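1. Just a sequence and a predicted model for now, questions to come.
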Amino acid sequence: MSFKLPHLPYNTDALAPKISKETLEYHYGKHHQGYVNKLNTMAEQDPELAKMSLEEIIKTKTGKPQAIAGQVWNHTFYWHCMKKNGGGKPTGKLAELIEKQFGSFDEFQQKFSETANNHFGSGWAWLVRDDKNNLEIMDTHDGNNPLSQGKIPILTIDVWEHAYYVDYRNMRPSYVKAFFEVVDWDAVESRLAQV
């Protein structure tokens, strides 16, 4: 089995002007594709990898295979955390859980933004859950993924510079603010456990 670059769930201009077409073409077409290519090269050299899913590699491997599989999975997940005309605030069960866990949506947004903005170096900020829908904000470095820690991601933002440098240069906080204007809250809520 070879790993494939999944299709974006929207056109490359769908998130503009918050995330530009140029950024998406470069981020998705070059960076994400590059991670897929690297993983396929590794799988050619290690046939065991070719038989595994991304999730299996993330949960059972270490080092470069785990990091590269994580980058493929993380990017695919990230694209599905956003949509055209997204943003606003969550509703329903997700809104209730955020209010219960963090006090209010504004407090959640502030804490998530601080985690993303203060992450040192390259990585990701996440909203994760357990099997009882207890929510937690965390960050991971490089290609690491919460799945390897037994956590279930429901939202992520990529804070590698390639995610925002074309549009925001070194102003990560501006990018994080813009991200909240394209979040697909329906997709995030769909990832909650059915308890």
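-> Done, it's in. Residues are numbered from 1 along each chain as shown.
2. for the longest helix along the chain, what is the average pLDDT?
-> The longest helix of the chain (DSSP state H) is helix 63-79. Helix 63-79 shows a mean pLDDT of 97.
3. wouldn't residue 2 be in contact with residue 47 here?
-> No - at 11.7 Å, residue 2 does not count as touching residue 47 under the criterion of CB atoms under 8 Å. C-beta coordinates here come from the backbone N, C-alpha and C atoms, glycine included.
4. Hmm, residue 76 and residue 6 touching each other?
-> Yes - using CB under 8 Å, residue 6 is in contact with residue 76, at 5.3 Å.
5. The two: which is more packed in?
-> Between residue 6 and residue 76, residue 76 has the larger neighbour count (other CB atoms under 10 Å), namely 19 against 14.
6. Residue 138 belongs to a strand?
-> Yes - judged by DSSP: H, G, I helix; E, B strand; the rest coil, residue 138 forms part of a strand.
7. Now the nearest residue to it once chain neighbours are set aside: phi and psi?
-> Once flanking residues are discounted, residue 138 sits nearest to residue 126: 5.3 Å by CB to CB, 6 or more residues apart in numbering. Reported as degrees, to the nearest 10, the phi and psi values for residue 126 are phi -130, psi 150.
8. Thank you kindly, that will do.
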